[in-house]
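> using only what follows, build the 3D model:
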Amino acid sequence: MSSVVASMRQFRAVVLDRIGLVLPAHEDPLIEQLLQERPRQLRLTVEDYLKLLQGYHAAAEEEWRQLVFDLTTGESYFFRDTGQMTLLQEVLLPELLQRRRQEKTLRIWSAGCSTGEEPYSIAILLDQLLPDASDWRIVLMGSDINDRALDRARQGRYGSWSFRRIERSVMEHYFTADATDGRGGHHWRLVERIRRMVTFRRVNLVHDLFPSDLNDLRAMDMIICRNVFIYFTSETIRNLVGKFVRTLSPGGFLMTGHAEMHNIARPAELSLRLFSASAVYQRLEQQVTASPPVVLTQHQPSSSISSAIPTSRRSGSRRRQDGSSNPVEAGRQNQPPAAVELQQLFIQGLYQELIRLLEQSSPTKDGERQYWLARAYANSGNLKQAEQECRQAMTLEPLSARHHTLLAHIFHEQGQRSQTVDALKKALYLDSSYLSAYLTLAMIHRSEGNIQQSRRLYGTALELIVALPDGARVEYHEEWQVRELQRQVEQLLAEST
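This next block holds a predicted model:
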């Protein structure tokens, strides 16, 4: 085997491991060109260049940003796939809005959004469906691994090719004409009100940790990941779908491209809802031990829907399926479950089960019962009840840093920035080594563009993480091994240099 062929094979393996991308044989000329040009530009041998790509330091992250741009070509447009967009407009979004009507909170993630047309399309639909949108706390996040695509998305400026599936009336209502591009092509800029609805973030779906408060990827009511799995192996898809499931709230939806999950087994936590326009997956409210049902839903698209979306507004112990008793409740006589049991239920996303168990247990003299109730209610979207339980926990344990950090998370969900920061500062005053407070405060500063402050906080957090034993679990990041969390923080520090 020649050294060139061996290097190309190793390059493919590194790319697959780092970003999950499968490079087909017809990409050989591009790979060979990259392995000639990039090492030469960086004054490295091919061997040292491949070692660079396996690192997680700042220089490696910078090279990956360039490499991702060379290897990925995002192609998108507004209201892509009319059938799925109509399904979102007429069924899925109204169902979520009705479910969240009391709390007035909604969290949606467009994963692999390229230059942003998809999340902005969702923002337009929400604007049409919600006359009282200003009263809602809406988190609409678009993510991609390509930084240049995200830079374009944040600008909200698009050429004619992005509008090939959109009605003229929608363009006139949500876009303003911009200057030409110098080549005779016209551009349009999204109105500021819609542009501000979407937050964009660089996310590596394969390697980044989620669900996690580090990047606010958690408790999503809907995840849309279309035309992404086609670039991944079956194993990568299976692992990614598992992460998506854990990132969804109970009852939350996962929408993928057509038939993109046909070659993997459907996770037990997901039911399959079949519509005429598309199959959609929904996270179950309760844990199951057998394959969940397939639900065939009769939905006839509105006759007014054509190839473009219209502009009008539209308004005792539980027995498991195998017949055995729930092991968490076995022998229980109104005693609060042990903390490790509560943590496991929480990690699995069984918030209603956790609430039911705790509500049936006797009150305790410490704040443990109220703490877990508050976290379960918060992740279920009932922020009012979560705050009430959290304040009861603080009454029982007023000097607990974790209770103040939990209150900060609840404030953050409610969009109360100053109260969030104050609660986190109080937590760190009570316990200057409380890791979760540092991570949450760093995430807030990073999302606001305060890079210097976020780096300082992440640096302190990293020192605390390094000192933890391998088996430790960090609150609000319980699902991840401590060394995984360490690598993620190291990567965040490298990205912010």
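> how near is the residue most central in space within the chain to residue 223?
Nearest to the geometric centre of the chain sits residue 217, at 3.4 Å (Cα atoms, centre = their mean). Computed with Cβ to Cβ, to the nearest Å, the distance linking residue 217 and residue 223 is 9 Å. Where you see a C-beta, it was placed from the backbone N, CA and C, and this is true even at glycine.
> please, where are all the strands along this structure?
Using DSSP state E, the strands of the chain run over 105-111, 137-144, 157-159, 175-178, 187-190, 198-202, 220-225, 248-256, 270-274, 279-283, 294-296.
> show me what the longest one is packed up against.
Looking back up the chat, that one is strand 248-256. strand 220-225, helix 234-247, strand 279-283 (3 or more Cβ pairs under 8 Å, 6 or more residues apart in numbering; DSSP states H and E).
> export those to a markdown table and tack on mean neighbour count, mean pLDDT and distance to residue 417?
Output for the helices and strands packed on strand 248-256, formatted as a markdown table (neighbours: other Cβ atoms under 10 Å; pLDDT from 0 to 100; distance: least, Cβ to Cβ, whole Å):
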| stretch | mean neighbour count | mean pLDDT | distance to residue 417 |
| --- | --- | --- | --- |
| strand 220-225 | 24 | 97 | 21 |
| helix 234-247 | 18 | 94 | 23 |
| strand 279-283 | 21 | 95 | 29 |
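> turn those into JSON lines, including distance to residue 469.
Formatted as JSON lines, the entries for the helices and strands packed on strand 248-256 read as follows, by distance: least, Cβ to Cβ, whole Å:
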{"stretch": "strand 220-225", "distance to residue 469": "31"}
{"stretch": "helix 234-247", "distance to residue 469": "24"}
{"stretch": "strand 279-283", "distance to residue 469": "33"}
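> for residue 375, find the nearest of those.
The closest of the helices and strands packed on strand 248-256 to residue 375 is helix 234-247. By Cβ to Cβ, the value is 15.0 Å.
> so what's the residue count around the residue lying closest to residue 481 once chain neighbours are set aside?
Closest residue in space to residue 481, ignoring its immediate chain neighbours: residue 470 at 7.3 Å, by Cβ to Cβ, 6 or more residues apart in numbering. Neighbouring residues of residue 470 were enumerated by other Cβ atoms under 10 Å; the total is 7.
> what's the answer for residue 492, then?
Using other Cβ under 10 Å: residue 492 sits among 22 other residues.
> my read is that it contacts residue 445, right?
No: under the contact definition of Cβ atoms under 8 Å, residue 492 does not touch residue 445, with a separation of 11.4 Å.
> list residues touching both of the two?
Common neighbours of residue 492 and residue 445, using Cβ atoms under 8 Å, 6 or more residues apart in numbering, are residue 454.
> find the nearest non-adjacent residue to the residue nearest to the centre of the chain, please.
Nearest non-adjacent residue to residue 217, counting by Cβ to Cβ, 6+ apart: residue 210, 3.8 Å away.
> now the one you found: how far from residue 79?
Taking Cβ to Cβ as the criterion, residue 210 is separated from residue 79 by 27 Å.
> from residue 457, how far out is residue 468?
With distances defined as Cβ to Cβ, the gap from residue 468 to residue 457 amounts to 17 Å.
> so which of those two has more stuff around it?
Taking neighbours as other Cβ under 10 Å, residue 468 and residue 457 compare with residue 457 leading, 22 against 15.
> contacts only, for that one.
Residue 457 makes contacts with 438-439, 441-442, 445, as judged by Cβ under 8 Å, 6+ apart.
> out of those residues, which is nearest to residue 431?
The shortest approach to residue 431 among those belongs to residue 438, at 10.5 Å (Cβ to Cβ).
> what number of residues are in the vicinity of that closest one?
A total of 26 residues lie near residue 438 under the criterion other Cβ under 10 Å.
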